[in-house]
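sequence plus the predicted model coming up.
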Amino acid sequence: MEVVKLVKGLTIVKKRNGRFGVKNAKGKWVNAEEKVKVLLGEGLIAAPVAKKAPAKEEVAEEAPAADAPAE
């Protein structure tokens, strides 16, 4: 692991697999949302973009009318 930055009592390291890790002043790993906030604030990762649900296309075919006589 190589030290990338020292910020506000936190140490940001880059692991061999390319991912980042954050340790606090006591040497404990910082996880979850706190880690993401630190890495976003330092510009080391990009903010995840939520994918939009695809718009439902209207069906061109219409259902047969209920009052049409049955054959």
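The structure has been received and is ready for your questions.

low pLDDT regions in the chain?
Across the chain, the ranges flagged by pLDDT under 70 are 55-71.

which residues of it fall in strands?
2-7, 10-14, 20-23, 29-30 (DSSP state E).

residue 21 reaches residue 13, doesn't it?
Yes: the pair residue 21 / residue 13 is scored as a contact, 4.9 Å apart, by CB atoms under 8 Å. C-beta: built from backbone N, CA, C; applies to glycine.

and the residue nearest the centre of the chain, how far is that from residue 25?
In the chain, the residue lying closest to the centroid (CA atoms, centre = their mean) is residue 48, at 3.7 Å. Per CB to CB, to the nearest Å, residue 48 is found 28 Å from residue 25.

name the nearest residue to residue 7, sequence neighbours excluded.
Leaving aside its chain neighbours, residue 7 sits nearest to residue 42 (6.4 Å; criterion: CB to CB, 6 or more residues apart in numbering).

how about the contacts made by that neighbour?
Neighbouring residues of residue 42 by CB atoms under 8 Å, 6 or more residues apart in numbering: 5, 7, 12.

out of these, which comes closest to residue 35?
residue 12 (9.4 Å; CB to CB).

that closest one: neighbouring residues, count only.
19 (other CB atoms under 10 Å).

is it bridged to anything, and to what?
Bridge pairing for residue 12 (DSSP bridges) gives the partners residue 5, residue 22.

isn't it right up against residue 1?
No: using CB under 8 Å as the test, residue 12 is too far from residue 1 to be in contact (10.3 Å).

what do the two both touch?
Shared contacts of residue 12 and residue 1, counting by CB under 8 Å, 6+ apart, come down to residue 21.
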